[in-house]
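>>> coords please:
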Amino acid sequence: MFETLHIATGQLRRLLADVSRRAQVLRRRFRELGSNEAEVRGLRLLREWLSPEQLAQYDAHNYFDVRGCHSGKRYRIRHGTQTNIYELDHAGRAQVGWCFVPRDCRVAGDVILAQKIALETDERGALVVAKQFPPKGHQQVPS
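Here you go, the predicted structure:
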């Protein structure tokens, strides 16, 4: 009896977690529809460039991880247009924040995509122009 109850409870928890993830995706898509056309196109383009793992991470947490092409370091890019990149240590803790953005004003999807491409294809060049900031409040960035 108790074993059956324990199994059913575990199945219910998994179901609720799945429904919660799907609701987050739907909320994000609803916000996109209420946004202006440039924001919608920017987010659509970003999503097309993310790997399946990055897309799942972005849908679940509003961030995704990339590997620097030169150092192999892991960076977490959060949704936003500035002060949204964190260099992570082996335990997933933010060590330093990085801020670099395109010269022209862009919507978040375009900025995030530019940051992803820069770190994955020219990490050194991106960090040369980037400004460092302390990762206050983001010392322990969840994986």
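>>> Tell me the spacing between the most centrally placed residue in the chain and residue 54.
Nearest to the geometric centre of the chain sits residue 63, at 1.4 Å (Cα atoms, centre = their mean). Between residue 63 and residue 54 the computed distance is 9 Å (Cβ to Cβ, to the nearest Å). Just so you know, the C-beta spots here come from the backbone N, C-alpha and C atoms, and that holds for glycine as well.
>>> hey, what's the residue nearest to the centre of the chain bridged with?
With DSSP bridges applied, the residues forming beta bridges to residue 63 are residue 78.
>>> mind checking how far it is from residue 37?
Separation of residue 63 from residue 37 (Cβ to Cβ): 24 Å.
>>> Show me the strands in the chain, by range?
Ranges of strands in the chain, per DSSP state E, are 63-67, 74-78, 85-88, 94-99, 131-133.
>>> what mean pLDDT does the shortest one have?
Taken as a whole, strand 131-133 has an average pLDDT of 96.
>>> swap in the fourth one?
Confidence over strand 94-99 (mean pLDDT, whole number) is 96.
>>> ok, that strand: who's next to it in the sheet?
strand 85-88 (antiparallel), strand 131-133 (antiparallel).
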